[in-house]
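Trainee: Predicted model, plus sequence, below.
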Amino acid sequence: MPPTLISPSENDYILRGVDANIRADGRGRLDYRQVILETGLITQASGSARCRLGEGTDVLVGVKVELGAIELDGVEEDVAEIKAKRGRVICNVECSPIASQQFAGRGADDFNIELTQMLDRVLNGPQSGLDLEKLCIIPGQQCWIVYIDAIVLDYAGNLLDTIFMTTRAALYNTKVPKTIIQDIGDGEIVFDISDDVEGWERIEGWDKVPVAITLNKIGSRHIVDATPLEELTTEAKLLVTVNKNGKVCGLQKSGGGSIDPSLLNEMVQTGRSLGQSLIKSLDEMVRREENDINLKQSRRERADNGKNGSLYSKRHHSPPPMRAHHQPVMKFNADMWMQDFKQNVMEKLFKEERFKAFQKKRRGLENVMDVSDDEDWQEQQKITPVIASSQYLIQSVVQNEWENYQSSPFSQYQLWLQEQQLLYAAQQYQQTVITKNLPPEWFQYRESTNNE
Amino acid sequence: MRGHGTYNTESGKCAASVAGVVERVNKLISVRSLHARYNGEVGDLVIGRITEVSHRRWKVDINSRQDAVLLLSAINLPGGIQRRKTDADELQMRKFFSEGDLLVAEVQGHFQDVPQALVQRCKTHFHTLPYGVDLALGLNGYIWVSKQTTQSSKDQDSDAIYSNDNEEIDQERREAIARVCNSINALSRHFLHINDTTIKLAYEASLHFPVKDLLKLDVMEAITSEVKAGIR
Amino acid sequence: MSRLELIGPQGLRNDGRRVQELRKINCKPSVLSQADGSAYIEQGNTKCLAAVYGPREARTKAQVLHNRANINVEISLAPFCMSERKKRSKSDKRILEIASAVKQTFETIIKTELFARSQIDIYLQILQFDGGTIQICINAATLALIDAGIPMVDYVCACSAGCIDDEPVLDLNYVEESHDTPELTVALLPKTGKITLLQMESRLHVDKFQSVMEMATVGCKKIYNILDDVVRENVKNLLEKKK
């Protein structure tokens, strides 16, 4: 059971260990545990991924892309104009009691809300990276809603980083159905969902989704990827979200302790460089995995002499369920599912009264599409997160005291130099993340098709 | 006769109630499960963590089906070994052990006897490894790894037993401790026995790799296969 | 809803199975690091993960029973488990009912009198759903309890059966369940053949009942064989490693 209690001597041991750059399990301050990533595990979801950190923290993320109406009620004019052309992202994090006894019953509620908010703030913020405009089907009426659901299956510290990593991989795995929009005259637009599963496109902007690095301050140093005991020893935590271009997309400090401004700057820089190298290795992992799967699929296709129709060549995008693995699949499965899916959609639409209301209102919204002369909208596109301004503030504080710090031999500057060296070493180390040749007993949720 | 892990069916036959190995001693048949929670025997050495401080006793979590009870009368108080427990002692219980503290103890009460599978009973459970690391193997599955103590127990100031201050530990010692911890972790993941021989073998095998690599699965496999080869 | 043929012309169901065929079962014990016992089971496209904690100190005084262990079951469904994404609260009535059924099933099976004043927690997480909640929860819980080494009287294996076009069919999936197929779920103790759980929610002609029951019983026995093989193999592997 992850300890919620810690003894003062353990606390002291960890503190000194961090200071000496040897943590309880031998890692350095900036070393991550081994990351193992798998995608495409849940066939019913539009995209899914699972990430495991060493033998501990385990997070499963499922992404579902569903039709929904664009909600413009109670929203002001200028915001409504923007919202009308975008899809939506709805996040949810759930800590299962399987992960730890403390999450049973109502124990996880507060924690869930906290994690959901953090995920939501990044993915619904301006730096989320996802191209929401591509998710709009009929402006002002219908759009795709991306539901991102994360389940925590095992807890051994460092939850947020894992959740972000898995979300990113799940989004890589997500494909958005293609819609065929028809203008049936008289100003009416209807759309149909394409049957061609192969034509579905990967969600746009998945690579711009940021990744989070949690830095824990213990004593006067900071560490990355804390274990539960180390988390109990932290005084303050700093969450840095970084995207692949090295831009810091968000900062959040939590915990009761305080952080020195110069230390804060260092931590942010550390988070930034670690984040970038993490993104690189994660991307490499998911791409390699997909290549392997495609290879296997093509090999199997040839072996089957075309028994399995082309509908199932891309494993994760075959229409969901309903097949026993040992039997060749009937062709009418796909149609049936498609029928089912469309009927669900049509029923939903039918119930939406707004659909009819907007049909009437539609005539008035003709000019909304044209934004070329709308300056405010252009401006808004360029907005950077508010938090960036506070980073600016920190920068200036540091500049002023820079001379003092540089001169003193016991200053943070010296520490910073050391940190840079450590960082470099850590980055070198991270390149060698291993995903292949896992021992055969390694547990995989994936369907048995993977064991061939 | 039937022992633990078995029960009588309605037809009077003896059936197993857990998945495990059948042990036959003369006429006593019992089934030993592999993954059971710790069930102590009298005299067992265990390592526990204090969860609760109550009137004249502490509740200790020893990874068993219930928390164990440590009475105030059962600990060594400063000022001599045999001393009557006064009221002042009762009020100062937190001075000795507070919530979250770790301790090493011996089981004196009655429990059912199905031993924790991996830690074997042997003559002594306190070991000193040649790398300057002290090991206390609790039979409940908890293990205490620490720096080698230099003082003999006689000279030790009895007050100091309850202090929370750690001694200074240098870099190498820390690395050795981390290495030992990771080797023990590797042994338990691959379900090998944990005693001083296997730990020493695992430590030697782990010297090929940097300490932090010991957390990787393939490295753990390599180490455990060497240990297996070494045992035979 | 469009009427579709649940049993095709060649006697094959919509996923290619015959009427008396079980879905493919894939299961694995000992998959989690924190729990005392855990198991992962896949029945066709339904995936479930079970974790068992215990026996351990009861968390609240109110739950302590002086002569037995208290069993606590919690089930959660992932929001993406069905084709329509829906977040279900933990106190959803349907889920609570299933949890209660699982709890009652295991109360008689686990030898609770050996662990007075302690608590055994069974947590189930359904990752993907394609029909057969109760059966997969019970099967997963059985496997996880065996993995945790908690003494039990016997395995509990559950299976569902129904009646389509006057023919008894085994192991219904979601499509079949949602088309008003009468569904009967049976949980039984394989060694003695005793039934611990019997649930049916729709109408079934009493003449057909016997054959559907038998079909379900046969299914349970098949599941028992599969689970038993997995458990034995797992124990054998672990023992070999120890040597």
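Mentor: Alright, I've got the coordinates.
Trainee: now the helices for chain C?
Mentor: Using DSSP state H, the helices of chain C run over C:93-109, C:133-148, C:174-177, C:206-242.
Trainee: Any residue of the first one touching chain A?
Mentor: No: against chain A, helix C:93-109 shows no contacts by Cβ under 8 Å from any Cβ of the partner chain, the least distance being 11.8 Å. From N, CA and C alone the C-beta is placed, and that goes for glycine too.
Trainee: Need the residues that contact that helix.
Mentor: Applying Cβ atoms under 8 Å, 6 or more residues apart in numbering or on different chains, the contact partners of helix C:93-109 are C:71-77, C:88, C:122, C:124, C:133-134, C:137-138, C:141, C:145, C:152-154, C:156, C:187, C:189, C:196-197, C:199.
Trainee: rerun that using 6 Å as the cut-off
Mentor: With Cβ atoms under 6 Å, 6 or more residues apart in numbering or on different chains as the test, helix C:93-109 has contacts from C:71, C:73, C:75, C:133-134, C:137-138, C:152-153, C:156, C:187, C:196-197.
Trainee: so that helix versus helix C:133-148, what angle?
Mentor: What separates the directions of helix C:93-109 and helix C:133-148 is an angle of 40 degrees, with axes from the mean of the first three to the mean of the last three Cα atoms, to 10 degrees.
Trainee: Residue ranges in chain B under the pLDDT threshold?
Mentor: B:39-41, B:76-87, B:89-91, B:108-125, B:148-167 (pLDDT under 70).
Trainee: just for chain C, where's the confidence low?
Mentor: Applying pLDDT under 70 to chain C flags residues C:1-6, C:242-243.
Trainee: residue closest to the middle of chain B?
Mentor: Central residue of chain B (Cα atoms, centre = their mean): B:Gly138, 1.6 Å from the mean position.
Trainee: For that residue, which non-adjacent residue is closest in space?
Mentor: Closest residue to B:Gly138 apart from its sequence neighbours, by Cβ to Cβ, 6 or more residues apart in numbering or on different chains: B:Ile47 at 3.7 Å.
Trainee: So which bits of the one helix or strand that neighbour maps to are buried?
Mentor: Counting by DSSP states H and E, the element that carries B:Ile47 is strand B:45-54. Judged by neighbour count (16 or more other Cβ atoms under 10 Å in any protein chain shown), strand B:45-54 contains these buried residues: B:Leu45, B:Val46, B:Ile47, B:Gly48, B:Arg49, B:Ile50, B:Thr51, B:Val53.
Trainee: just stretch A:246-263 next, same as before
Mentor: Using 16+ other Cβ under 10 Å as the test for burial, stretch A:246-263 gives A:Lys247, A:Val248, A:Cys249, A:Gly250, A:Leu251, A:Gln252, A:Lys253, A:Ile259, A:Ser262, A:Leu263.
Trainee: Which pLDDT value goes with the third one?
Mentor: Read that as A:Cys249. Note for A:Cys249: predicted pLDDT of 87.
Trainee: Next: A:Tyr413.
Mentor: For A:Tyr413, the pLDDT comes out at 61.
Trainee: returning to what we had before: inside helices: which ones of the buried residues of stretch A:246-263?
Mentor: Those of these mapping onto helices are A:Ser262, A:Leu263, per DSSP H.
Trainee: In strands, which of the buried residues of stretch A:246-263 fall?
Mentor: A:Val248, A:Cys249, A:Gly250, A:Leu251, A:Gln252, A:Lys253 (DSSP state E).
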